[in-house]
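This is a predicted model, with the sequence first.
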Amino acid sequence: LNIDIVPLVGFGTLEDMIGIVKKGFKSNWGDFIAEGIVARPKVELLDRSGRRIITKIKYRDFIHS
C-alpha cells in the first residue's frame, strides 16, 4: 500500500524510553518534536483476554504548565 510506517527509535528499558520522551526528540517527518513513543516488549506479551500489551509515552504528558 506504500504507507509510511512508524520508525524504530531504539531499544531499552521503559525508564530509558521515558527519559528520551521527556527530553523531546526530533520527528522523522519534520522539524518539530515527536509526539512520543509506542513501546512494545521484545517478546510479545498478552493480557488475560489475549490482547497485546504495549504502552504509549507522550511528550505532552511531561510539559509543565
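Cool, got the structure.

Please make it C-alpha for all contacts and neighbour counts, starting now.
Fine.

For the protein, which residue occupies the most central location?
Among the residues of the chain, Ile37 comes closest to the average C-alpha position under Cα atoms, centre = their mean, at 1.3 Å.

average pLDDT for the host helix or strand of it?
Assigned by DSSP states H and E, Ile37 falls within strand 36-39. Averaging pLDDT along strand 36-39 gives 92.

And stretch 29-36, what's buried?
Ala34, Glu35, Gly36 (16 or more other Cα atoms under 10 Å).

Show me what the strand holding Ile37 pairs with in its sheet, parallel or antiparallel.
Strand 36-39 sits in its sheet next to strand 55-58 (antiparallel), going by DSSP bridges.

The strand it pairs with - what's its average pLDDT?
Here the average pLDDT along strand 55-58 is 95.

what does that strand contact?
Met17, Ile18, Val21, Glu35, Gly36, Ile37, Val38, Ala39, Arg40 (Cα atoms under 8 Å, 6 or more residues apart in numbering).

Distance to Trp29 added to these, as CSV?
Formatted as CSV, the contacts of strand 55-58 follow (distance: Cα to Cα, whole Å):
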residue, distance to Trp29
Met17, 20
Ile18, 21
Val21, 16
Glu35, 11
Gly36, 13
Ile37, 14
Val38, 16
Ala39, 19
Arg40, 21
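
Good, we can wrap up now.
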